[in-house]
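Enquirer: I'll drop the sequence and a predicted model, then ask my questions.
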Amino acid sequence: MTLDLVANGEEVVRIRGIASDGAGVGDLPDGRTVFVPRTAPGDEVRIRVTKLKPRWARGQVVEVISPSSDRTEPLCPRYDECGGCALQHIPYGDQLSWKIRFVHDALQRIAHLDLAPVSMCASPSSYHYRSRVTFTLLRLSGGRVVSGFHGLNKPDRIVDVADRCVLPTLAISGVWADLRLTWGDGARRLPSGRQLRLTLRQVDEGVVLLVQGGKGPGRADILLKEIDGLVAVWMTMPGGGSRLLGGIADVQDTRLGEILRASPTAFTQVNDAAASALHQCVLDEALSSSVHLVVDAYCGTGLYGRKIARLGHRSMGIELNAEAARAASEDAPKGFSVLRGAVEHRLSEALPSDVVILNPPRAGVDEQVTDLLRKNGPPKVIYVSCDPATLARDLVRLGSTYDVSRVHAFDLFPQTPHVEVLAILQRTAAPTAVG
């Protein structure tokens, strides 16, 4: 048995599981856990050890000696080099099972919660589901351009995605292919700059392009004329906000029958079909009993708050992003208002309420938010999380005041290890203070 392992040495391991980042999990001869991307449970693989820590290591596949029966052929021809997704080699049904396990493990390990089985809502489509995709473009010497995703095991390298990625919607894939043909030598029809981030977002009218990191207007007029389906080109500004370079200024994004103004930088879920099930579940939970006021914290463009108001209830959104807050307020139904600012700074103004919906970014909620909810929170909190670990941390902070009654998982990101989680919390302790 090898006891003196070194980085870049080779070992043979058998994979026994999947970690929450999508890497396979095995054991080195000295007992250390090793994480190996692109491996499946049951694989016997020869790996190169790329990082060694006292209790764990990371490795890179050199050879699959004996493939697992729980392995499938990836659809993407660049899967072995691209870091854009991590689970294409795992059958979709198995991906769902592992994601449920990720949620259980985080809740048990961090929050010490041993809940009944978590329900999982599968995505209607496991490919071509992303309605928003961001590519990185690099201008290299000699006028050469590469644009795509960061490389697997080589995050400083950009894997050129010249053909169609299997995750974006077909509308975005078509615009992307035509954009590459149209942007000209050195991508000169795009704003200047060595590195750009190009975000393509599908809206009701077509596809919007947002350019981040560049200077100058480029030739948006040519792109819009020659690319079928491209309806607007925007660029982010150094001081914040965005500037329309050409095309339709006001586009719409219809979700749950609610027509929202699609601000180029505002957050929306990328899997429209799967997100509809999540959104409906949130609404059903929020309105499961008589309510007078629902607070939609981290409201974005205000989908929940607007829909709740349109159903005849009073709702209040809280949003930090200026463009998203404006979009939420525009043509808002009677009974819905928006507080602009950080949730930790404005939540006290919205309390007391009957329900609070929390839909924070991956970092979770600020500790001031959980403090306010413990002191003066509503009977029910609905927490929508894109990271089971930060959800579990925040549940610990609320544990003295709220019980978790049920947890649902939604697969909004097939072929990746990410999972959306909905936790329903019921208050068990009376408020201790107001404000």
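Expert: Thanks, I have the structure now.
Enquirer: quick one: Tyr298 from Ala262, how far?
Expert: According to C-beta to C-beta, to the nearest Å, Tyr298 and Ala262 sit 18 Å apart. (C-beta placed from N, C-alpha, C; glycine too.)
Enquirer: let me fix that, I meant to ask about Ser20.
Expert: The gap separating Ser20 from Ala262 is 32 Å, by C-beta to C-beta.
Enquirer: of these two, which one has the most company?
Expert: Just comparing Ser20 and Ala262: by other C-beta atoms under 10 Å the higher neighbour count belongs to Ala262, 22 against 18.
Enquirer: check contacts around that one.
Expert: Ala262 makes contact with 201, 203-204, 208, 251-253, 268, 301, 327 under the criterion C-beta atoms under 8 Å, 6 or more residues apart in numbering.
Enquirer: so which of the residues you listed is the closest to Cys386?
Expert: Using C-beta to C-beta, Thr268 comes nearest to Cys386 of the contacts of Ala262, at 12.8 Å.
Enquirer: so that closest one: helix, strand or coil?
Expert: coil (DSSP: H, G, I helix; E, B strand; the rest coil).
Enquirer: for it, what are its contacts?
Expert: Contact analysis of Thr268 by C-beta under 8 Å, 6+ apart lists 131-132, 201, 253, 255, 260, 262, 300-301.
Enquirer: apply the buried test to the residues you listed and list what passes.
Expert: Among those, those classed as buried by 16 or more other C-beta atoms under 10 Å are 131-132, 201, 253, 255, 260, 262, 300-301.
Enquirer: got the residues you listed as CSV, with pLDDT and secondary structure columns?
Expert: What follows is the buried ones among the contacts of Thr268, written out as CSV (pLDDT from 0 to 100; DSSP: H, G, I helix; E, B strand; the rest coil):
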residue, pLDDT, secondary structure
Ser131, 95, coil
Arg132, 95, strand
Arg201, 95, strand
Asp253, 87, strand
Arg255, 84, strand
Leu260, 80, strand
Ala262, 77, coil
Gly300, 92, coil
Thr301, 90, coil
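Enquirer: tabulate those residues in TSV, adding columns for distance to Leu223.
Expert: Compiled in TSV, the buried ones among the contacts of Thr268 are given as follows (distance: C-beta to C-beta, whole Å):
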residue	distance to Leu223
Ser131	20
Arg132	18
Arg201	15
Asp253	21
Arg255	27
Leu260	25
Ala262	19
Gly300	28
Thr301	26
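Enquirer: show me where the chain has its helices.
Expert: 92-111, 170-182, 220-226, 272-286, 303-310, 322-329, 343-350, 367-376, 388-398 (DSSP state H).
Enquirer: name the helices or strands packed onto the second one?
Expert: Applying 3 or more C-beta pairs under 8 Å, 6 or more residues apart in numbering; DSSP states H and E, one finds that helix 170-182 makes contact with strand 132-139, strand 195-202, strand 207-212, helix 220-226, strand 230-236.
Enquirer: starting at the chain centroid, how far to the helix or strand of the chain with the lowest mean pLDDT?
Expert: Across the helices and strands of the chain, mean confidence by mean pLDDT, DSSP states H and E is lowest for strand 258-261: a mean of 80. Relative to its chain's centre, strand 258-261 lies at 21 Å (C-alpha atoms, centre = their mean, to the nearest Å).
Enquirer: same check on stretch 177-185?
Expert: Between the centre of stretch 177-185 and the centre of its host chain there is 28 Å, according to C-alpha atoms, centre = their mean.
Enquirer: residues contacting that stretch, please?
Expert: In contact with stretch 177-185 (C-beta under 8 Å, 6+ apart) are residues 143, 145, 147, 162-164, 189-190, 198, 200, 209, 219, 222-223, 226-230.
Enquirer: quick one: low-confidence parts of the stretch 301-435 of the chain?
Expert: Within the stretch 301-435 of the chain, the ranges that satisfy pLDDT under 70 run 432-435.
Enquirer: burial of the nearest residue to Trp234 once chain neighbours are set aside, as a residue count?
Expert: In this structure, Trp234 finds its nearest non-sequential neighbour in Pro264, 4.2 Å apart by C-beta to C-beta, 6 or more residues apart in numbering. Neighbourhood size, Pro264 [other C-beta under 10 Å]: 23.
Enquirer: pLDDT score for Pro264?
Expert: What the model reports as pLDDT for Pro264 is 79.
Enquirer: what sits against it?
Expert: Pro264 neighbours (C-beta under 8 Å, 6+ apart): 199, 201, 208, 210, 232, 234, 242, 323.
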